[in-house]
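Chemist: What would the 3D arrangement of this be:
(chains A and B)
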Amino acid sequence: MKNRTRIFVAAAIVLVAAAAALYFDIIPVGNPTTVTMGAFAGSYWGVPNGNSYKIVDDAIEKFKAGSSAINVEYESGIVYDDYSEWLAERFIEGNAPDVFFVSGSDFNKLASKGALKDLSGFIEGDADFDENAYYPSAYSCGSFNGTQYALPFESAVYLMFVNKTMLANEGIAQPASDWTWDDFYNICKSVTRDTDGDSKTDQYGVSGYTWDEAVTSNGADIFSEDGKSCRLSDERVVEAVEFIEQLEQLNEGYNVTSDSFDVGNVAFQPLMFSEYRAYKPYPLRVKKYSDFEWDCVTMPAGPSGGNISSMDTLLIAMNANTKNERLAWDFMKTLVYDEDIQTELFLYSEGASPLRRVTQSEKAAEILRNDNDVDVSLLDTAMENAKDIPSFAGYSEARELVDTAVRDITDGNSNIKMSLIKWQRDINLRLGQ
Amino acid sequence: MAVRSDDLRNASIGERGTAPAFALECMRALNFCVVMFLSILMCVSVYGTIHDNSASSFLDGFASIPPAPWKLPLIMLGIYIALMLLIDIKKRNLAEMCVCTAAELALSLWICVLCNFGYTGVLLLCCAEFVRNVKWKKYAAVIISVLFIAYLAADYNLLSGFLNLNSYGAYISYYNAHSRGILLGAVNVFEGINNLLFISFMILLVRGQNLENERIRDMNDRLNSMNTELNEVNAQLSDANVRLGENAKTIAEMTQIEERNRLAREIHDTLGHALTGIVTGLEACMELILIAPEAVKNQLESIADVARQGMTDVRRSVKALRPDTLEKMKLDAAVESMIERISTSTKVKINYDCDVDLSRFSGDEEEIIYRIFQESITNAMRHGKATEIDISVKQHGGMLTIKISDNGIGCDNIKSGFGLYHMRERLEMLRGTLECDGSDGFTVTAHMPVRWE
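Modeler: Below is the predicted model:
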């Protein structure tokens, strides 16, 4: 009888131990000197890119230079549009890579599900690594609920594209980098007119400038960090919506699209820095904006804010269940903290390095000057003052709700503040669900 | 001496083969099927999602990254078997009971977590198994309460308010609305069957316990009546004991009287006889001393003879009172030793013929047999002046016959002296008889029943 009990207890312990080992994934599988990497082909910024894996390959080579035994593997051929799905598949299948690119929109989703490794320990334990080397907004993109789960690889800020040709024709000076809403409004007002005498307005001030840009440059946060509530009744938001309404009134109901900008009929359009870099050099510049000279400038400052732009950042994160965390961290560091690799962003990609010392470097300035005719100090200022795009789960749905609200308000005649309070209540109910 | 219901409850109720045990076996089988079905379903959902390239939206439904799908059925199988093993372990004391129950609860909760709290029937199975095995009433209520609270609290909607839990619904979001309805309904049906089985188990258990209690009551009644009978017999026995004690006392008193009589007989036989002779002789001497002083001398010599004889008799009596020879050796050896002694010290010839094993008699028989030999030989020599004595010891049926005859003068008119009377009296106490014949020499025949036949 006693023997039987012993056998049962032993068998139960063995089974539970085996189940726990499986469940908590504590059986070391795979090669301890191999880091797997999740990367994608094409550009994160949605612009044509012919150097898909160049930077990653260079980083791997540099990383491996330290030791011949280590190896980095990645699955090639996944285009960016499929990358989010591919990553989700790897996670639910239980074979996610050790280190992987993660977009701002996927980051919160994965961090909230515990899929990402908390990097605080590595950051604090690594004397070489200084988090202050990054632009604050870029760095905070990788933070979720106060914990750093990812590091910025590449950033791009929104800048205001300016149709230099039109402004020159109108005799208007190029706006300065500290321009305001008033300057912006005045230029828009003076360029909005009929140029060919058919008494129909055919030249407009701005396209694609929405409440989003206005709120950001007026220093407001429309959503709480967890995305559970919005602050439509904030005075700065009210100012922003009023400003949008004013701008729209200039167009007298005409919906100005980016196509109008492309053909040179619009003075301003907010675009990402990556877009600017993609279309500025030959031959693409010929293909897209052929009829006019253009440049970019910081976003106009709202009365309560500053020349603040939104910034999107491509992050690199580590799998929470990685078996080679030390190696993974070293490889991550090569990607995000190595000056040579980060400088390659200006050569082979369209974003900018989130590392201050790289973006401010002479080499970067030279590349930008030669290829894109971009003033690095403008980029540096914009990135320093940038605000990261919210990335909480359901951000795009929440944004659409606010879009609807703002459209409803600007199209109607009701009191803006009162309407915003009403909409805030409605949207908060939806967000809280 | 009542039988406690607790002692017997677990011995019979809920053991294999009984109705509650059958309900429990069904519960085990059902739970096994359900948890394996769910784990395989979840596994299939994940692979299906990957196949359909809808992992991203599928993952949106999860609060945390789910375990790798292929592991789910394996983990589930391992934990379920471990749980069944733990349940089957015999718990010998309270500590083992508590440790095992805690482990069972932990494993059940783990199974619930793996099922994403879509199915929590395993906890109910745990409750049922505990109820079946419970022995310690006091603590049972506490443990049962803990198990039931765990079962009631293990609800997805309740727990997801506090914990970051995945839901069963997230897995089946892979299927279309129609299949989802069926799959959700199926789990509810399983849960319902499990509840029904649990209720059946409890009802059968309670019914079984009632029957058991009745059986125990019957047994107690029977035991009580047996107790009463035993008490009566005990009372009778103690009465008999008292009587036995009294009898023993009487026997002791009688033995004392008998012993006194024996002493009196011996004194009469020896001292009395000699002293009488001496007194009579001395009186004759007193008369003769004046008439014929020469004759007095002869007379005194005769008196001295009588005194000497008396002394011899006294010595013999003392010897007879303390049959040392008999105490020192077995009867057969003692008899042979006595015959040898007489043969060598006197001219008397003794023919001893014995075909009975004398060593098998008990103490009182040995003594009387020895006395018969001793007295008869002494009488033959003293009174009969015999020169030859024949002794035969025979056994016929259950009767021992001792015959001692001599060639002495015999006597026509036998006057039973103290010796013969004593022998007869002793024999009669053992239901024996004594016959004397003085017509041709002197013959003594003693019959005595043999006890050991």
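Chemist: distance of B:Tyr139 from chain A?
Modeler: Distance, B:Tyr139 to chain A, by C-beta to the nearest C-beta, to the nearest Å: 20 Å. Any C-beta I mention is one placed from the backbone N, CA and C, and that applies to glycine too.
Chemist: wait, is that residue part of a helix?
Modeler: Yes. Assignment of B:Tyr139 by DSSP: H, G, I helix; E, B strand; the rest coil places it within a helix.
Chemist: Let me know how buried it is, in neighbour terms.
Modeler: Using other C-beta atoms under 10 Å in any protein chain shown, B:Tyr139 has 14 neighbouring residues.
Chemist: residue contacts, the residue nearest to the spatial centre of chain A?
Modeler: Nearest to the geometric centre of chain A sits A:Asp312, at 1.4 Å (C-alpha atoms, centre = their mean). Counting by C-beta atoms under 8 Å, 6 or more residues apart in numbering or on different chains, A:Asp312 makes contact with A:45, A:104, A:155-156, A:272, A:388-389.
Chemist: cool, and A:Lys228?
Modeler: With C-beta under 8 Å, 6+ apart, A:Lys228 has these contacts: A:428, A:431-432.
Chemist: Going along the chain from the longest strand seen in chain A, find the next helix or strand for me.
Modeler: If you go by DSSP state E, chain A has its longest strand at strand A:150-163. Using DSSP states H and E, the helix or strand that directly follows strand A:150-163 along the chain is helix A:164-170.
Chemist: For that following helix, output the C-alpha coordinates as CSV.
Modeler: The C-alpha trace of helix A:164-170 is given here as CSV (Å, rounded to 0.1, in the frame of the first residue of the first chain):
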residue,chain,number,x,y,z
LYS,A,164,8.0,77.0,-52.6
THR,A,165,7.0,77.9,-56.1
MET,A,166,3.6,79.0,-55.1
LEU,A,167,4.8,81.1,-52.2
ALA,A,168,7.4,82.7,-54.5
ASN,A,169,4.7,83.5,-57.1
GLU,A,170,2.5,85.0,-54.4
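Chemist: Strands of the chain, start to end?
Modeler: Went with chain A since none was named. A:34-38, A:71-74, A:99-102, A:143-144, A:147-148, A:150-163, A:204-206, A:266-272, A:294-297, A:310-318, A:387-388.
Chemist: Not quite, go with chain B.
Modeler: With DSSP E as the criterion, chain B has strands at B:349-354, B:388-396, B:399-406, B:433-437, B:442-449.
Chemist: wait, which of those strands is closest to A:Gly114?
Modeler: Closest to A:Gly114 of the strands of chain B, according to C-beta to C-beta: strand B:442-449, at 107.0 Å.
Chemist: Hey, what's the angle from that closest one to strand B:388-396? Just curious.
Modeler: Using axes from the mean of the first three to the mean of the last three C-alpha atoms, to 10 degrees, the inter-axis angle of strand B:442-449 relative to strand B:388-396 is 20 degrees.
Chemist: buried sites along strand B:442-449?
Modeler: Within strand B:442-449, the residues that count as buried by 16 or more other C-beta atoms under 10 Å in any protein chain shown are B:442-448.
Chemist: any idea which of those residues is closest to A:Ala11?
Modeler: Out of the buried residues of strand B:442-449, the member with the shortest distance to A:Ala11 (by C-beta to C-beta) is B:Met448, at 80.9 Å.
Chemist: Could you find the closest non-adjacent residue to the closest one?
Modeler: Here the nearest residue to B:Met448 in space, its sequence neighbours aside, is B:Gly432; by C-beta to C-beta, 6 or more residues apart in numbering or on different chains that works out to 3.6 Å.
Chemist: B:Ala140 now?
Modeler: Of all residues not flanking B:Ala140 in the chain, B:Val134 sits nearest, at 4.3 Å (C-beta to C-beta, 6+ apart).
Chemist: wouldn't that neighbour be in contact with B:Leu147 here?
Modeler: No. Counting by C-beta atoms under 8 Å, B:Val134 stays clear of B:Leu147, with 10.7 Å between them.
Chemist: Distance of B:Ile342 relative to chain A?
Modeler: From B:Ile342 across to chain A, the span is 78 Å (C-beta to the nearest C-beta).
Chemist: Point me to the residue of the stretch 351-453 of chain B nearest chain A.
Modeler: B:Trp452 (54.3 Å; C-beta to the nearest C-beta).
Chemist: got it, and chain B?
Modeler: When distances are taken as C-beta to the nearest C-beta, chain B reaches nearest to chain A at B:Ala68, 2.4 Å away.
Chemist: okay but that residue is in contact with A:Phe91, surely?
Modeler: No. B:Ala68 lies out of contact with A:Phe91 (C-beta under 8 Å); the separation is 9.6 Å.
Chemist: The two: which has the busier surroundings?
Modeler: Higher neighbour count among B:Ala68 and A:Phe91: A:Phe91, with 25 against 21, using other C-beta under 10 Å.
Chemist: quick revisit: and the residue nearest to B:Met448, what is it in contact with?
Modeler: Residues counted as contacts of B:Gly432 (C-beta under 8 Å, 6+ apart) are B:368, B:446-449.
Chemist: Adding pLDDT, write the residues you listed out as a markdown table.
Modeler: As requested, the contacts of B:Gly432 are exported to a markdown table (pLDDT from 0 to 100):
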| residue | pLDDT |
| --- | --- |
| B:Ile368 | 83 |
| B:Ala446 | 91 |
| B:His447 | 92 |
| B:Met448 | 90 |
| B:Pro449 | 89 |
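Chemist: just to revisit the earlier point, okay, and the beta partners of the residue nearest to the centre of chain A?
Modeler: Counting by DSSP bridges, A:Asp312 forms beta bridges with A:Ala156.
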